[in-house]
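J.: Sequence and predicted structure are below.
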There are 2 protein chains.
Amino acid sequence: MKNEECIKVIPLGGLGEIGKNITAFEYEDEIIVIDCGISFPDEEMYGVDLVIPDITYLKSNAEKVKGIFLTHGHEDHIGALPYILKQLNVPVYGTKLTLGIVENKLKEHNILSDCELHNVNAGDIIELKNFKIEFIRVTHSIADSCAIAIHSPLGVILHTGDFKIDFTPIDGLVMDLERISNLGKEGVMLLMADSTNVEREGHTISEKAIGKTLTRIISNAAGRVIVATFASNIHRMQQIADASVMNDRKIVFSGRSMENISKVAMDLGYLHIPEEYIIRMDDMQNYNNKNITIITTGSQGEPMAGLARIAFSTHRKITIEPEDLYIISASPIPGNEKLISRVINELFKKGAEVIYEDLEEVHVSGHAYQEELKLIHALVHPKYFMPVHGEYRHIRQHAKLAQGLGMQGENIFTMETGQILEITVDEAKIAGKVHTGAVFVDGLGVGDVGSIVLRDRKHLAEDGMLTIVVTLERQSYSIIAGPDIITRGFIYAKESDELINEVKEIVRTELNKCLDNKVIEWYVLKSNMKKSVERYLYKKTNRRPTIFPIIMEI
Amino acid sequence: MKNEECIKVIPLGGLGEIGKNITAFEYEDEIIVIDCGISFPDEEMYGVDLVIPDITYLKSNAEKVKGIFLTHGHEDHIGALPYILKQLNVPVYGTKLTLGIVENKLKEHNILSDCELHNVNAGDIIELKNFKIEFIRVTHSIADSCAIAIHSPLGVILHTGDFKIDFTPIDGLVMDLERISNLGKEGVMLLMADSTNVEREGHTISEKAIGKTLTRIISNAAGRVIVATFASNIHRMQQIADASVMNDRKIVFSGRSMENISKVAMDLGYLHIPEEYIIRMDDMQNYNNKNITIITTGSQGEPMAGLARIAFSTHRKITIEPEDLYIISASPIPGNEKLISRVINELFKKGAEVIYEDLEEVHVSGHAYQEELKLIHALVHPKYFMPVHGEYRHIRQHAKLAQGLGMQGENIFTMETGQILEITVDEAKIAGKVHTGAVFVDGLGVGDVGSIVLRDRKHLAEDGMLTIVVTLERQSYSIIAGPDIITRGFIYAKESDELINEVKEIVRTELNKCLDNKVIEWYVLKSNMKKSVERYLYKKTNRRPTIFPIIMEI
């Protein structure tokens, strides 16, 4: 029946969390996917390198999936591609810069030649059987960003991707508000819009505004200037480079992602620096310090990135020099405040000058504030609205903002990852849930570290461990070697002699009690040893190290 | 020689860090100490409960130490007292509320009767042989706060403690700017001033200003109001209570520190709530929701505190109810942003309303902003200046602020914990360093967890552990039991069978290689086993679990 047809919108990540953005759109036998990002582990995810979405739903509908469409080249929108394409190899569509960054990643994973990448321009429309996918230019903190309009048999879905409204972008390519306005006029069924900055009043500042500050600071610097910023913020790089060239400073890129992305951006024509102004790190010694600008990674204080290595004197090639001026041209992502502060403190301690957001306007956000969001809502005035990109608090506030503009609450869907929004001609409703989740990448392993492993790591991290080993002879019911005790992360060795001897005594007593009664079931022996030792240690130290009783039997 | 006499100022904590404030002042045979605080562990200090200062210097000069003088009752100024007084039992001086809170702590540690506490009022002067210690009223986010002026034979040292300049404090007791101004007129040798908010422009808002917001919000609430705030902020409590009483709401205190401090504050006359308005948690059921206000701990999102327990449904007595309104009347302390966000998200998810700083003015800071600091500098115009309370970045910015007001750089001392500022009649200079450090409190242990234990915990947390046990018979040079393998925090058990079998095989091969050559030195066997297994696991997983080879010998 025609009036039963429906479109399903399924966020497989990115709702109720920052990052891991990926959404599926399903109509009959077609599924398309917007974005495929990673998120970063939180502090409870011990040892995890990064987190990717669980795409069980896509894999079990593999024949339907027609492609992944990318809004822009940030990690939280493209970072999971190398892992996901290994599980589900489908065509990928994106703008030139976005795909340039993706190619680098696929090369590192040795799968570039197996993947199908399609270059699109803002304004292009990809036609599938049921869906037409239109790329619409937006402004954001990375060049070549797009919103995506999905033209479906039931109506238009507009997904903003990440955006801000910058009327004076560095590349002159303003957001295509005209097209968005036209879509609004024709009628948009569902708007999905960026909620990241919904708690901030007013309007973001244009990227161009901080160019003046950067130029002034760089012009006045007596020695080297070292700027830490996001490697993907090519417009920021351009402004730093322009100010440097103006002051006859050569430019050095430091950090793997900074080197990679600046190269891609220059090759593809997104970053314009006169060739003679770019020098290799090893060639810095040929120039005066006042003729050098270093653009480096590490603006989040990441311990392994360029800036922290310089600060803590572990950088292989850059050491702090007198008159160095450090600029941190970035905001802390929530959770990174302490890391950044540690780097700033260290730089100050070593006598360097440091300029950061609290002191000067050296960063602007790439995500729309309240007034920008209101403009989009006013232009699009959709039938239904789903706030996306953000923790639950942001999604909830964005829903309120839409209500404040006159939308009815029942037409707004504050959803969680995995929930299905089902839209028919007559109505939209949340209809069930698909399997989703977070897959942990740790070293070479994808998904082999799960909640049990993490729980164990947490426990080990908090109180350490204590291993007890004894060898028993079954025939004689006697201990013939041990108990030996090994501990780590529990207590200072030199202070623990008495404690350890006491533990050995407790183990001997417990074992002999069992052995005297001819009990030699391992699980009984182990459990008794463990319980007695646990009880003793908790009483003595108020700690609960993980206890491993090991019995060898001969 | 008279002109050789000097006073030493030695920060034993609190410089280049947030918290753990403690400073020694030494003149001839007298030492006095200002404050004795804790700091909270950072994310690398796995399992550590709190951090106290290392007072080796004070202990080795025990006979000189005449007392500890407290500026106010915050944890980072008094929290280490129970631990320090056990090591060095000296008289403690503080205002009534400060000592009220201290008494509670000493009681919990069962040492109250052994300690000598002296109650002082703002304006009081304690006379020692060489020092006179004067308490001067300041305003801060806890009542009964004082600056301390030390009158020494060489001149006056003014230590501000923590302060803001609130012209309309809730208790009407304004900061004694007149006394500070008089001291300035008479001449202050050294100013030590709070640097916490030196990066913020302008002037703090008065505590009174948010009373209006709280009253409006509480008056409009349809159901229960649950406010999370700092337990020590008695003026905030007073304003919440006043707004509640005005709306005929009974008041419940939730959380141990909230119950303790509110009781102390009421007993001592710092918090005024009509008795009939205070009810026990168990009596809430006798009232309508619109007649209840709960004031709870957990404003920093701490997982074990009241608010988080309510949000995650683990509170024993309070569950979320329809129309509940949650107010987080606090700012995140740097590092706690994610914890708080997690609680806010959870409350929203469960359908509650939440109001926090980003949405409404429900919190003000207790530390002076730039314009307040400038006023103090202008009034005091000291000979020397030492910025205190803050990370290195704050101390550095505070030095710049003083220079901006006309002080010479050589009269400003940006110091690190442990450095000695030596002041004579003629000059002041940094002269050496004493031993200082951070002592970790973990469970019942004080100082038995050190950097080695923490490094092991970190390693265990990141990659987990793998224990290998074998029993060897010395006579026959043969393996008679094992190898057995135990892992935790490393890899999913079900996915690791093959890996574990391979590890066993490697161990067997390595051991037999040695045993065939009649090598039975444990360290050789262990080291060979460990290296081979490490190499194999890293190749296979890119991880480095801690490996424990254990050999039992019979």
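T.: Received, thanks. What you see is a predicted model; the values in this text were computed from it and never measured.
J.: Once you drop chain neighbours, what's closest to A:Ser240?
T.: Actually, residue A:240 is Ile. It isn't Ser. Distances taken as C-beta to C-beta, 6 or more residues apart in numbering or on different chains put A:Val227 closest to A:Ile240, at 5.2 Å, once the chain neighbours are dropped. In this view, the C-beta of every residue, glycine as well, is placed from N, C-alpha and C.
J.: which secondary structure elements does whatever helix or strand the one you found lives in contact?
T.: Take DSSP states H and E as the rule and A:Val227 turns out to sit in strand A:225-228. Strand A:225-228 makes packing contacts with helix A:207-220, strand A:292-296, helix A:306-311, strand A:325-328 when contacts are defined by 3 or more C-beta pairs under 8 Å, 6 or more residues apart in numbering or on different chains; DSSP states H and E.
J.: Close to chain B: what parts of the stretch 451-554 of chain A are there?
T.: A:452-454, A:456-465, A:467, A:469-471, A:480-482, A:484, A:486, A:488-493, A:495-496, A:540-543, A:546, A:548, A:550, A:552-554 (C-beta under 8 Å from any C-beta of the partner chain).
J.: what do you get if the cut-off is 7 Å, keeping everything else the same?
T.: A:453, A:456-457, A:460-465, A:467, A:469, A:471, A:480-482, A:484, A:486, A:488-492, A:495, A:541-543, A:546, A:548, A:550, A:552-554 (C-beta under 7 Å from any C-beta of the partner chain).
J.: before we move on, what about the stretch 301-450 of chain A?
T.: So the stretch 301-450 of chain A meets chain B at A:334-335, A:337-338, A:341, A:344-345, A:348-349, A:358-359, A:391-393, A:396, A:442-445, A:448, A:450 (C-beta under 7 Å from any C-beta).
J.: Can I get the helices and strands packed on strand A:225-228 in CSV including mean neighbour count and mean pLDDT?
T.: Formatted as CSV, the helices and strands packed on strand A:225-228 follow (neighbours: other C-beta atoms under 10 Å in any protein chain shown; pLDDT from 0 to 100):
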stretch, mean neighbour count, mean pLDDT
helix A:207-220, 17, 93
strand A:292-296, 25, 96
helix A:306-311, 26, 94
strand A:325-328, 24, 95
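J.: nearest to A:Asn247, of those?
T.: helix A:207-220 (5.5 Å; C-beta to C-beta).
J.: list the helices and strands the closest one packs on?
T.: Applying 3 or more C-beta pairs under 7 Å, 6 or more residues apart in numbering or on different chains; DSSP states H and E, one finds that helix A:207-220 contacts helix A:234-246.
J.: quick one on the thing from earlier: partner strands of the strand holding A:Val227 and their direction?
T.: Strand A:225-228 has its sheet partners listed here by DSSP bridges as strand A:292-296 (parallel), strand A:325-328 (parallel).
J.: Next, format those as TSV and append distance to A:Asp282.
T.: Formatted as TSV, the strands paired with strand A:225-228 follow (distance: least, C-beta to C-beta, whole Å):
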stretch	distance to A:Asp282
strand A:292-296	13
strand A:325-328	21
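J.: wait, which of those is closest to B:Lys96?
T.: strand A:325-328 (44.8 Å).
J.: what residues does that closest one touch?
T.: A:217, A:221, A:223, A:225-228, A:299, A:340, A:347, A:352-356, A:362 (C-beta atoms under 7 Å, 6 or more residues apart in numbering or on different chains).
J.: Alpha carbons only: can I get the next helix or strand after that strand in PDB?
T.: Scanning forward in sequence from strand A:325-328 by DSSP H and E, the next helix or strand is helix A:337-349. Output in PDB follows, covering the C-alpha atoms of helix A:337-349 (Å, rounded to 0.1, in the frame of the first residue of the first chain):
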ATOM      1  CA  GLU A 337      41.600  21.400  30.200                       C
ATOM      2  CA  LYS A 338      44.100  19.900  32.500                       C
ATOM      3  CA  LEU A 339      46.300  18.600  29.800                       C
ATOM      4  CA  ILE A 340      46.500  22.000  28.100                       C
ATOM      5  CA  SER A 341      47.100  23.700  31.400                       C
ATOM      6  CA  ARG A 342      50.000  21.400  32.200                       C
ATOM      7  CA  VAL A 343      51.600  22.400  28.900                       C
ATOM      8  CA  ILE A 344      51.100  26.100  29.400                       C
ATOM      9  CA  ASN A 345      52.500  25.900  32.900                       C
ATOM     10  CA  GLU A 346      55.600  24.000  31.700                       C
ATOM     11  CA  LEU A 347      56.200  26.600  28.900                       C
ATOM     12  CA  PHE A 348      56.000  29.400  31.400                       C
ATOM     13  CA  LYS A 349      58.200  27.600  33.900                       C
END
